[in-house]
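K.L.:
predicted model and sequence follow; I will ask about them next.
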Amino acid sequence: MATDPSRGEVLSPERRVFVTKVSLVLMGFAAMLVAVPVVGFLIGPLVRRFPGMWRPVGAVDSFKVGQTVKVTFRDPSPLAWAGVTAETAAWLRRVSDDEFMAFALNCTHLGCPVRWLPDAGLFMCPCHGGVYYSDGRVAGGPPPRALFKYPVRVNNGQVEIQTSAIPIG
C-alpha cells in the first residue's frame, strides 16, 4: 500500500469495500426513513374503513310521492375550516309512502354534476350527454354504470341518508 503525500493516505482495497458497504447501508436506512411515511400516506386511506353515518335530510311529510328533490347534509368528515364546503348533497326520490331512493349528484362517466329534469323524468349530465332514468339506471350516453345510491331509512319521522367519509388518494 503506497501513499501519495499530495492527496493524503490511500485506502486499501479492503477498507474501500468496507466504507462502500457502510455508505450503502446508511443510504438505505435514510431512504427507508423517507419511504415508510410516504407509503403509509398513500396506502393508509385504501385500507382504513370509514364507518357510515346517518344524516337527516328532512321530515318524511316534506317529500311528496313520485317527487325527486335535491337535499343537503353535512359531510361525515369535515375539516374544522371547511365552512360551506362541508355541506354536500344528493338527489332524494320518494318512491312510495314508505320507500325512498337517494342518488349521488355525480355522473358515473367523469363525475360531472347531474340535473333532475322533472318534465322528462330523467337525470341529465349536461357535460357529455349522460342520461339516467328516475331509478338511476343508465338511459343513454357514455356513463358506464348507474348513478351511485345511498342507503336511506326513516327514523322517528325523519328521512336519513347513510354517508361515509371518502378517502383521498
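P.N.:
Structure's in. What do you need? Residues are numbered from 1 along each chain as shown.

K.L.:
tell me the domain ranges of the chain?
P.N.:
1-48, 53-163 (automatic domain parsing).

K.L.:
need those in JSON lines (columns: mean pLDDT and mean neighbour count).
P.N.:
C-betas here are computed from N, CA, C, even on glycine. Shown next, in JSON lines, are the domains of the chain (pLDDT from 0 to 100; neighbours: other C-beta atoms under 10 Å):
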{"stretch": "domain 1-48", "mean pLDDT": "79", "mean neighbour count": "10"}
{"stretch": "domain 53-163", "mean pLDDT": "84", "mean neighbour count": "15"}
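
K.L.:
next helix or strand past the longest strand seen in the chain?
P.N.:
The strand that spans the most residues within the chain, counting by DSSP state E, is strand 87-96. As assigned by DSSP states H and E, the chain's next helix or strand after strand 87-96 is strand 99-104.

K.L.:
and that next one, what other elements does it pack with?
P.N.:
strand 87-96, strand 149-150, strand 152-155 (3 or more C-beta pairs under 8 Å, 6 or more residues apart in numbering; DSSP states H and E).

K.L.:
redo that, cut-off 10 Å
P.N.:
strand 68-74, strand 87-96, strand 149-150, strand 152-155, strand 158-163 (3 or more C-beta pairs under 10 Å, 6 or more residues apart in numbering; DSSP states H and E).

K.L.:
where along this protein do the helices fall?
P.N.:
13-47 (DSSP state H).

K.L.:
coming back round to it: okay if I get the helices and strands packed on strand 99-104 as TSV plus distance to residue 80?
P.N.:
Formatted as TSV, those follow (distance: least, C-beta to C-beta, whole Å):
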stretch	distance to residue 80
strand 68-74	13
strand 87-96	15
strand 149-150	25
strand 152-155	28
strand 158-163	19
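
K.L.:
so for residue 40, which of these sits nearest?
P.N.:
Of all the helices and strands packed on strand 99-104, it is strand 158-163 that lies closest to residue 40, at 25.7 Å by C-beta to C-beta.

K.L.:
ok, the closest residue to residue 114 other than its chain neighbours - contacts?
P.N.:
Nearest-residue entry for residue 114: residue 123, 4.5 Å, with adjacent residues in sequence omitted and distances by C-beta to C-beta, 6 or more residues apart in numbering. Neighbour list for residue 123: 68, 91, 93, 103, 105, 107, 114-117, 130-139, 143, 147 [criterion: C-beta atoms under 10 Å, 6 or more residues apart in numbering].

K.L.:
which ones among these map onto strands?
P.N.:
68, 91, 93, 103, 115-117, 131-133, 138-139.
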